[in-house]
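Asker: Give me the fold of what follows.
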Amino acid sequence: MAQSQEIPIDRKLFEIFEDAYKLMNSFDTCYDPTNSPEFQANIKKCINLFEDSTRLVSLCGLFSSNEAYEEVATENLRYFLLPFFLGQLTLKLCNAGRKEIVEVAEIYYNDFLRRCENYKLCDKPEAVAVLDNVNRGDKIQELMRMGQERNAKLKKYQEKKELDDQIKMLKIAMEKEHVDDEIKREFYLKLLNSCILDAREELVSISQEKQILEHIAVMRRSGDSDEHKHPPRGPPPKPLKPIIITRDAVQKAVYGMGYPSMPTMTVAEFYEQRVAEGIFPDQEKMKEINKNSLMNRVYQDNEAEQEKEAEEIEQLVEEDDEQYLARQRAKDEFKDEHRRGYGNRYNRS
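Answerer: You can find the predicted model right below:
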């Protein structure tokens with residue numbers, strides 16, 4: 001996936017995320033063909049924005065593996081949706097092999113569901129019960145299995161419909177100028193629950209599509225394909241690389257075990273790449289920026305004041321100033337009579 005070159009360093013995470021989210025929502029009212037150059041260009045732009053958001057989330061370290069969603073700030077809940085959105089957008093791409101596209105989307109959906117499960121946003125899906133002591137071909141077992149699947153689908157459909165209705169109502173409230181924190185939190189949690197249901201459905205569809213694609217590949221290998229007689233012109237497209245939320249090389253190795261051919265980026269690699277592209281400043285430039293920063297000026301002023309105060313105290317000691325010496329003696333006498341923590345006796349037995 002081509003990296004975004006247009007995002008300046010002074011842009012904030014929520015600004016990049018909001019731009020990508022608005023662009024993604026605009027696709028619902030777009031009537032251009034999916035494979036049109038304009039639509040594909042907007043899809044790639046939206047993916048690049050969400051990828052940069054993902055890298056910044058990793059850089060900031062917003063998520064930890066030992067937390068629950070109750071501990072996550074309301075404004076940060078929306079960043080759980082990054083891999084889901086990237087999975088949705090990846091499936092709309094037309095500039096790569098379909099097998100590669102569905103594999104990358106599958107990685108995003110699995111990463112989204114895994115993080116939601118770790119943060120107790122959802123439970124692992126329950127396996128459908130299988131009846132014992134009955135042959136698989138038996139009609140009774142087949143009818144029972146079909147009934148279970150039908151009931152499960154109806155339950156999911158009803159749950160999804162209720163969630164979507166609630167999300168529509170909350171979305172109207174979110175468009176107001178001042179929104180209460182509780183409404184924001186409820187909106188993000190409802191949206192996450194809806195996306196969890198969608199992600200599980202998408203994974204089922206992807207599993208079925210992968211079987212079809214594998215069957216097509218076998219058929220092509222067994223017969224004479226036009227691709228061997230007339231190879232495609234031009235260089236092959238760049239391979240897709242999923243960008244998931246990781247902080248260091250250890251996490252990258254763990255997440256990469258399932259798909260070693262699809263690497264992720266650590267925070268250090270992301271920063272080095274941005275420096276090489278000229279988007280982020282290098283260490284020497286950062287030192288110059290820090291020298292002129294407001295915080296550095298305040299620190300220098302405080303340091304100068306402390307040095308001046310130390311010189312004044314030293315001068316008072318050398319001149320045996322009576323008032324200064326009297327204050328110091330009073331402090332020493334107070335410390336002798338009052339031990340440390342003397343006045344902190346509230347609520348002690």
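Asker: Per the annotation, how does the protein divide into domains?
Answerer: 13-125+198-280, 288-337 (automatic domain parsing).
Asker: tell me the most buried of these?
Answerer: Neighbour counts (mean count of other Cβ atoms under 10 Å) averaged over each of the domains of the chain peak at domain 13-125+198-280, with a mean of 16. Yep, even glycine has a C-beta here, placed from its N, CA and C like the rest.
Asker: can you tell me the average pLDDT over that one?
Answerer: Domain 13-125+198-280 shows a mean pLDDT of 81.
Asker: And for stretch 308-322?
Answerer: In this model, stretch 308-322 carries a mean pLDDT of 82.
Asker: List the contacts of that stretch.
Answerer: Stretch 308-322 is contacted from outside by Y324, using Cβ atoms under 8 Å, 6 or more residues apart in numbering.
Asker: so how far is it off the chain centroid?
Answerer: With Cα atoms, centre = their mean, to the nearest Å as the basis, stretch 308-322 stands 56 Å off its chain's centre.
Asker: ok now stretch 205-225, how far from the chain's centre?
Answerer: So, by Cα atoms, centre = their mean, the centroid of stretch 205-225 is 33 Å from its chain's centroid.
Asker: For it, give me every contacting residue.
Answerer: Contacts for stretch 205-225 (Cβ under 8 Å, 6+ apart): R98, K99, V102, E103, A105, E106, Y109, E227.
Asker: From L49, how far off is the fifth one?
Answerer: In this view, A105 and L49 are 18 Å apart by Cβ to Cβ, to the nearest Å.
Asker: could I get the domains of the chain as TSV with distance to E177?
Answerer: TSV is the format used below for those (distance: least, Cβ to Cβ, whole Å):
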stretch	distance to E177
domain 13-125+198-280	15
domain 288-337	30
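Asker: Any idea which of the ones you listed gets closest to V179?
Answerer: domain 13-125+198-280 (10.1 Å; Cβ to Cβ).
Asker: so which helix or strand takes in R327?
Answerer: helix 322-337 (DSSP states H and E).
Asker: Pretty sure P242 sits against E106.
Answerer: No: P242 is beyond contact range of E106, at 9.4 Å (criterion: Cβ atoms under 8 Å).
Asker: ok, now which ones touch L191?
Answerer: Listed by Cβ under 8 Å, 6+ apart, the contact partners of L191 are R78, L81, I167.
Asker: Could you say which helix or strand holds it?
Answerer: L191 belongs to helix 181-222, assigned by DSSP H and E.
Asker: for the stretch 1-150 of the chain, what spans make up the helices?
Answerer: 13-26, 37-60, 82-90, 98-118, 139-174 (DSSP state H, counting those that start in this stretch).
Asker: Take those and write them to CSV, including distance to N302.
Answerer: Formatted as CSV, the helices of the stretch 1-150 of the chain follow (distance: least, Cβ to Cβ, whole Å):
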stretch, distance to N302
helix 13-26, 30
helix 37-60, 27
helix 82-90, 40
helix 98-118, 42
helix 139-174, 42
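Asker: For F85, see how far away E209 is.
Answerer: 20 Å.
Asker: L325 now?
Answerer: For L325, the distance to F85 equals 70 Å [Cβ to Cβ].
Asker: again with R327
Answerer: For R327, the distance to F85 equals 64 Å [Cβ to Cβ].
Asker: With F50 instead?
Answerer: Applying Cβ to Cβ, the value for F50 to F85 is 5 Å.
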